[in-house]
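K.L.:
This is the structure alone, sequence omitted:
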């Protein structure tokens, strides 16, 4: 995958970056080409070897077609969340670090649901905020809406998914109550 100067890309766990430059650097005795990326949320700079960009998880930000898929995913029901906070934390961290916006959406949806069931731990609250930031900032930078409108749309879709979600325990009780 080749990136161009001026292109916006998604960088795992950092959000949207702008490819500022392509630079030659010497590391030891090796001459390498690097992408110079500026993180748009905080203006920091990240250097990524061109040969390593895909392995790191850098990708172009989403377009209209993927946006529609994302909206559909946000509204869909989801698998139950583990009761073990350590398992949840590891799973959610891995998903956010993957750089996949659809995985970030899954994390956001599950943590939003959990937050309606109980108070989230500090770590889980931070993960929820990170997932929402990654999604909203990418959509905003793809010119798919203003931050406020995007947040409202995302919140409404997730609220719909959460209100329609039944975890396995509720399903068993409902089935037993109906006599089936």
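P.N.:
Looks like it arrived, so ask away. Keep in mind the model is a prediction, meaning the values are calculated, not measured.

K.L.:
Which stretches in the protein count as helices?
P.N.:
53-56, 64-75, 85-97, 101-117, 122-141, 147-164, 168-178 (DSSP state H).

K.L.:
Show me what the top strand by length along the chain is packed against.
P.N.:
Identified as the longest strand of the chain according to DSSP state E is strand 15-27. Packed against strand 15-27, as judged by 3 or more Cβ pairs under 8 Å, 6 or more residues apart in numbering; DSSP states H and E, are the following elements: strand 8-11, strand 30-39, strand 45-49, helix 122-141. To be clear about C-beta, it is placed using only N, CA and C from the backbone, and glycine gets the same treatment.

K.L.:
For residue 75, find the nearest of these.
P.N.:
Among the helices and strands packed on strand 15-27, the nearest to residue 75 by Cβ to Cβ is helix 122-141 (13.8 Å).

K.L.:
So which residues make contact with the closest one?
P.N.:
Applying Cβ atoms under 8 Å, 6 or more residues apart in numbering, the contact partners of helix 122-141 are 8, 10, 13, 15-16, 40-41, 61-62, 67, 70, 85, 88-89, 92-93, 96, 101, 104-105, 107-108, 111-112, 114-115, 120, 145-147, 150-151, 154.
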